[in-house]
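Student: 3D model of this:
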Amino acid sequence: MRHFEADTMIEATPDRVWEVLADTGSWSDWDLGVIRVEGEPARGNKIKITSELNPKRSYPVKVAEFEPNRRMACRTG
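Tutor: Numbering: from 1, shown residues only. Below is the predicted model:
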């Protein structure tokens, strides 16, 4: 199984970080590889991500974990 994980130190409050992360409509503002995200992030929901790698196709991902101000994890496949 392929796995991708990233982390970085962000100089902002957890509330502010969560506000940006949970706003999927703004992902393209801060992630250069993302063109668009459709759907609401909530545990069990599916969202569609359209990326620069293949702008003619959206990739569905399932929000597997969603703990406000703590963690969000998505799975594909």
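
Student: which residues touch stretch 19-39?
Tutor: Identification of contacts with stretch 19-39 by CB atoms under 8 Å, 6 or more residues apart in numbering yields 40-41, 45-53, 55, 58, 68, 72. (Glycine included, C-beta is placed from N, CA and C.)

Student: out of the residues you listed, who's nearest residue 14?
Tutor: residue 68 (9.6 Å; CB to CB).

Student: check contacts around the closest one.
Tutor: Residue 68 neighbours (CB under 8 Å, 6+ apart): 18, 22.

Student: show me which helix runs longest in this protein.
Tutor: helix 14-22 (DSSP state H).

Student: could you check the pLDDT of residue 54?
Tutor: pLDDT, residue 54: 91.

Student: same question, residue 58
Tutor: So, for residue 58, pLDDT stands at 94.

Student: so what's it up against?
Tutor: Residues near residue 58 by CB under 8 Å, 6+ apart: 36, 38, 48-50.

Student: in strands, which of those residues appear?
Tutor: Mapping the contacts of residue 58 onto strands (DSSP state E) picks out 36, 38, 48-50.
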